[in-house]
Each structure stands twice: as structure tokens, then as C-alpha cells.
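> got a predicted structure here, sequence first:
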Amino acid sequence: MKHFLDIHKTDPADLRQIIDTALTVKKSRAGRPKGALDDDLPLKDHMVALIFEKPSTRTRVSFDVGVRQMGGQTMVLSGSDMQLGHGETIADTARVLSRYVDLIMMRTFEEDTLLEMAEYATVPVINGLTDRTHPCQIMADILTFEELNGPIKGKKVVWAGDGNNVFASFAHAAKQFEFDLVFSGPPPLDPEASLDGLYSIERNPQTAVEGADLVVTDTWVSMHDPQSARERRHNQLRGYQVNKKLMDHAKPDALFMHCLPAHRDDEATSEVMDGPNSVIFDEAENRLHAQKAVMRWCLEG
């Protein structure tokens with residue numbers, strides 16, 4: 001059983017295979033309508049369950065389109081449809097779903113929910129996001145960087161802002177893909193201790209981005225944060241905004257990424273997001289191609 005639960009739980013050779021497959025599949029679709037089928041149909045006659053305890057635009061659309069392009073069908077289930085862990089156990093839900101579908105993608109809150117689903121499912125399970133990690137996003141980011149600037153091995157990646165779940169997957173990727181990762185953010189928002197040793201810290205963002213090949217940020221607030229938390233985070237992170245002045249300290253050809261959705265002119269200015277170094281929409285598109293490669297890998301054999 002090949003689950004895709006986290007980058008650090010996947011062998012580097014398999015991660016490399018996924019990135020290379022994604023690039024090949026993307027190139028093979030150049031110029032085709034979005035609804036056209038792939039040349040091969042690895043998901044023909046397959047049913048994929050897409051479970052969303054947490055709502056999403058990019059994750060839902062990219063997985064749904066990807067399954068269809070590969071010849072499969074999707075069943076989209078919300079948290080209210082399933083009420084995971086409330087009444088029927090997650091373990092029993094996993095066993096039942098495995099009798100109906102060939103693959104499960106799950107976007108949830110608690111990591112333990114995902115892990116229990118994977119433990120008891122008899123079909124592959126993919127992590128679409130948890131509060132701790134977001135591996136599919138970072139696979140898309142690696143794909144985007146390498147598509148535009150070549151191998152990421154040995155490059156300098158700088159994260160400005162909150163040490164959140166997206167940063168955690170970047171930290172896992174830094175080890176697996178062998179690039180240097182620098183965190184620049186306030187101490188109260190440092191990444192969790194389990195990530196220690198996978199990155200370095202530079203509190204001064206202008207110093208941090210010196211010589212950077214890639215600068216990354218993410219939203220400062222969650223849709224679930226109360227107003228008081230939003231104001232506190234803005235005060236903590238205001239000095240870490242990615243603006244033109246900050247990008248001028250990075251390499252001239254440094255890329256800028258943001259996984260979206262963004263609060264423009266908070267964590268990053270529109271000038272940067274729409275500027276020549278920004279690849280945020282390439283990054284968004286590549287969620288589709290990276291996730292198709294992940295699904296192919298999960299179903300191999």
C-alpha cells in the first residue's frame with residue numbers, strides 16, 4: 001500500500017520520480033483543452049473519494065480535474081456529509097470507503113484523523129492538507145522551481161512569516177531534496193520543535209534573503225482565526241512583508257511563491273505578486289500536475 005502522507009515519509013527517489021512524472025505529463029498536455037483526456041488513462045474505471053473537512057478551492061478543483069483527465073471519477077464528500085469520528089469511528093469509515101473507492105484524498109484538521117484513515121484503509125490515502133503539513137503544495141512548488149530554474153538541490157530558499165503547516169512541508173522537503181531553507185519570522189511563530197535541524201533561522205528578513213533563489217510566504221491569518229488573533233498576527237508579522245524592497249536583496253532571478261489564497265498587501269504586496277519574479281499562478285497550476293503524478297505513484301502496481 002503506497003500512501004502519500006508526508007514528504008519526509010516518502011523516499012527521496014520516489015519524490016524525484018513524482019516530480020519527473022509531473023513534468024512529463026504536463027508537457028504532454030501542452031495546448032490541449034482542459035477537459036481532454038491524457039494519452040494514457042491510469043485511473044480508467046477508478047473511483048476517487050475527495051474528503052474535505054476543511055474547504056478549499058485549489059485542492060478540490062485540481063484533484064477533481066486531475067482524476068477526470070486520467071479517466072477516473074470523483075466522489076466529493078464534506079465534513080458534514082461524513083461527520084468523521086462522530087458516531088462511526090474513523091477506522092470504520094476507512095474500512096467502508098475502501099469497499100467503494102480505489103483512492104482517498106483527505107483534507108482535514110487533525111493529523112491523527114489522516115493517520116487513522118491511512119492505517120485502516122485498504123486503498124491508498126493522500127494528504128490534501130492537515131494542520132501540521134501540506135505536502136501536495138510543496139511538491140507543486142518544487143515542480144514549479146525546477147521547471148523554471150533547474151534543479152533545486154543546493155539552492156537557497158527563504159521563508160518569510162509564520163512557521164505554519166506549509167513551512168513544515170518545506171522543511172521536510174529541504175532534507176529530501178537537499179536544498180538550504182532559511183526561516184525568517186518572529187519567535188512566537190517559530191516552527192514546531194520537531195522540525196529543528198531542517199532549517200536555519202535569520203530574524204532580519206533583509207539579511208535572510210541575501211542570495212536567495214526562492215522567497216516564499218503564506219497568509220498571516222486563517223479563515224478560522226478570531227479578530228483578536230488576526231490583529232496580533234498582523235502586529236507580529238508586519239516587518240516580514242514581502243515587498244519590492246525585500247526582493248531587491250535576493251538574487252535578481254529569484255522566484256517568489258505564495259500558495260494562495262493571499263491577502264494582498266498584507267503578507268506580500270501586489271507589486272511583488274504581479275511582478276516579474278512572481279510565479280504564483282504557475283505554482284497554482286502545478287498543483288494539478290503534481291497531484292496527478294502523486295496519484296499515479298500511489299496506484300503503481
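Sure thing, it's come through.
> domains in the chain, by residue range?
Domain assignment for the chain, taken from automatic domain parsing, gives 7-133+287-299, 136-283.
> how about these in JSON lines, adding distance to residue 1?
Glycine gets a C-beta too; all of them are placed from N, C-alpha and C. Below are these laid out as JSON lines (distance: least, Cβ to Cβ, whole Å):
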{"stretch": "domain 7-133+287-299", "distance to residue 1": "6"}
{"stretch": "domain 136-283", "distance to residue 1": "18"}
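> can you lay out these as CSV showing mean neighbour count and mean pLDDT?
Conversion of the domains of the chain to CSV gives the following (neighbours: other Cβ atoms under 10 Å; pLDDT from 0 to 100):
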stretch, mean neighbour count, mean pLDDT
domain 7-133+287-299, 18, 95
domain 136-283, 19, 96
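> for this structure, just list every one of the strands.
47-52, 73-78, 103-107, 125-129, 156-160, 180-184, 200-201, 214-217, 255-258 (DSSP state E).
> in contact with the spatially closest residue to residue 294 that is not a sequence neighbour, which residues?
Nearest residue to residue 294 in three dimensions, chain neighbours excluded: residue 4, at 5.1 Å (Cβ to Cβ, 6 or more residues apart in numbering). Shown in contact with residue 4 (Cβ atoms under 8 Å, 6 or more residues apart in numbering): 10, 124-127, 135-136, 294, 297-298.
> which of those sits closest to residue 88?
residue 125 (17.2 Å; Cβ to Cβ).
> residue 111 and residue 176, how far apart?
Distance of residue 111 to residue 176, computed by Cβ to Cβ, to the nearest Å: 19 Å.
> coming back round to it: now the contacts of residue 4 as CSV including distance to residue 195?
Below are the contacts of residue 4 laid out as CSV (distance: Cβ to Cβ, whole Å):
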residue, distance to residue 195
10, 17
124, 26
125, 23
126, 22
127, 16
135, 14
136, 18
294, 22
297, 25
298, 25
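> hang on, the earlier thing: what is the residue nearest to residue 294 paired to in the beta sheet?
On the basis of DSSP bridges, residue 4 is bridged to residue 126.
> need the longest helix for the chain.
helix 280-299 (DSSP state H).
> my read: residue 267 touches residue 239, true?
No. At 11.6 Å, residue 267 does not count as touching residue 239 under the criterion of Cβ atoms under 8 Å.
> can you map out the helices along this structure?
Here the chain has its helices, by DSSP H, at 12-28, 58-69, 79-82, 90-100, 111-120, 135-149, 165-177, 205-208, 227-237, 244-247, 270-273, 280-299.
> residue contacts, residue 51?
77, 82, 84, 104-108, 128.
> mind doing that once more with 6 Å?
77, 106 (Cβ atoms under 6 Å, 6 or more residues apart in numbering).
> also the one 3 residues further on?
Contact analysis of residue 54 by Cβ under 6 Å, 6+ apart lists residue 107.
> cutoff 7 Å now
By Cβ atoms under 7 Å, 6 or more residues apart in numbering, the residues touching residue 54 are 107-109, 129.
> what of residue 298?
Contacts for residue 298 (Cβ under 7 Å, 6+ apart) come out as 2, 4, 103, 124, 126.
> let me have those in CSV, extended by distance to residue 282.
Putting those into CSV (distance: Cβ to Cβ, whole Å) gives the following:
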residue, distance to residue 282
2, 28
4, 22
103, 26
124, 27
126, 22
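> surely residue 208 meets residue 181?
No. Between residue 208 and residue 181 there is no contact under Cβ atoms under 7 Å: 10.7 Å.
> so what sits opposite residue 107 in the bridge?
Assessed by DSSP bridges, residue 107 has beta-bridge partners residue 52, residue 129.
> now do the contacts for the residue nearest to residue 15 when sequence neighbours are not counted.
Residue nearest to residue 15 in three dimensions, not counting chain neighbours: residue 176, with 5.6 Å by Cβ to Cβ, 6+ apart. Taking Cβ under 7 Å, 6+ apart, we find residue 176 in contact with 7-8, 12, 15.
> let's see that with 6 Å instead.
By Cβ under 6 Å, 6+ apart, residue 176 lies in contact with 7, 12, 15.
> residue 232: which of those residues is nearest?
Comparing these against residue 232 with Cβ to Cβ places residue 7 closest, at 30.0 Å.
> hmm, the closest one is touching residue 174, no?
No. Using Cβ atoms under 6 Å, residue 7 is not in contact with residue 174, being 9.5 Å away.
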